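# Pasting the sequence and the predicted coordinates here, then a few questions.
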Amino acid sequence: MADRTTILECIYTAINETNEMLPAENRLEPQESEKVTGEEAKIDSLGFVTLLVAIEREVEAGTDDLKPR
């Protein structure tokens, strides 16, 4: 199983990729405390879905042991 550091690296990479599509005021900080839902979130629902898809892609690419067998 992938370790916490590997998963966080995948998430932070996905955040950086998503940020490329967002206006400056909506960009996310690649840190654990960043809010992605709720009133404090900088992104809307489309941004959230985009981020989730990017995270899924990064985790699949970055963690061989999490792929279905």
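Everything's here; your move. Residues are numbered from 1 along each chain as shown.
# so where's the chain uncertain?
1, 64-69 (pLDDT under 70).
# Which helix in it has the most residues?
For the chain, the helix with the greatest residue count under DSSP state H is helix 45-62.
# any idea how far that one is from the chain center?
A distance of 5 Å separates the centroid of the chain from that of helix 45-62, by CA atoms, centre = their mean, to the nearest Å.
# For it, buried residues please.
Gly47, Thr50, Leu51, Ala54, Ile55, Glu58, Val59, Gly62 (16 or more other CB atoms under 10 Å). Any C-beta I mention is one placed from the backbone N, CA and C, and that applies to glycine too.
# Leu28 - how many residues pack around it?
20 (other CB atoms under 10 Å).
# ok, so what distance separates it from Lys42?
According to CB to CB, to the nearest Å, Leu28 and Lys42 sit 6 Å apart.
# Quick check, Trp21 in contact with Thr50.
Actually, residue 21 is Met. It isn't Trp. Yes: using CB atoms under 8 Å, Met21 is in contact with Thr50, at 6.8 Å.
# sorry, back to before: now the buried residues of helix 45-62 as TSV including distance to Thr37?
Output for these, formatted as TSV (distance: CB to CB, whole Å):
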residue	distance to Thr37
Gly47	10
Thr50	13
Leu51	10
Ala54	16
Ile55	14
Glu58	19
Val59	19
Gly62	23
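# Tell me which two of these sit farthest apart.
Using CB to CB, the buried residues of helix 45-62 span at most 21.7 Å, a distance reached by Gly47 and Gly62.
# how about the helices in the chain?
Going by DSSP H, the chain shows helices at 4-19, 45-62.
# start to end distance for stretch 19-32?
Stretch 19-32 has an end-to-end distance of 16 Å (CA to CA, to the nearest Å).
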